[in-house]
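Chemist: When you get a sec, could you give me coordinates for this:
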Amino acid sequence: MNIKHRIENKIVVFDFEGTLSMEHTEAARTYIFDLLAPNDLDGVIFNWERVDYVDSQGVTLVLSVYKFLQSQQKEIALCHLNDSNHEIMTGLALDKYIKICSTMQEALEKLRKVNN
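Modeler: Next up, the predicted model:
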């Protein structure tokens, strides 16, 4: 699992690559929360264009970021989910809480609307 980030208009975009599974989630959690804690950001996007698989620990990571952002009155969006990952997230009804978008542009637009 590799994660990189960039900031676009106060929205941090995390680009994931590989498998988001139990053996990678603790390092991912540390990386993500080290960036979120001190920054004045408006939201987070997880770009899963290159994520092959997400297990229950990966879902837990998403939920922990969601919970943190919710406490800050901020939002999270996921984009570029493959069919399997999309099915996991919607099957758990997480799309009721987390914005699930087809493209990065759609995710950026949805987060901008929330913050304006």
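Chemist: can you count the residues close to the residue nearest to Ser84 when sequence neighbours are not counted?
Modeler: Among residues not flanking Ser84 along the chain, Tyr53 sits closest, at 7.0 Å (CB to CB, 6 or more residues apart in numbering). For the C-beta atoms, the positions are set from N, CA and C on the backbone; glycine is no exception. Neighbours of Tyr53 under the rule other CB atoms under 10 Å: 13.
Chemist: and if you look at Gln70?
Modeler: So Gln70, with other CB under 10 Å, has 12 neighbours.
Chemist: distance of Pro42 from Glu75?
Modeler: If you look again at residue 42, you'll see it is Asp, not Pro. 8 Å (CB to CB, to the nearest Å).
Chemist: meant to ask about Ser102, not that
Modeler: Taking CB to CB, one finds Ser102 at 17 Å from Glu75.
Chemist: Looking at the two, which one has more neighbours?
Modeler: More crowded of Ser102 and Glu75, by other CB under 10 Å: Glu75, with 22 against 11.
Chemist: Quick check: Leu111 touching Lys10?
Modeler: No - taking contacts as CB atoms under 8 Å, Leu111 lies outside contact range of Lys10: 9.4 Å.
Chemist: Tell me the residues that contact both of the two, please.
Modeler: Asp42, Gly43 (CB atoms under 8 Å, 6 or more residues apart in numbering).
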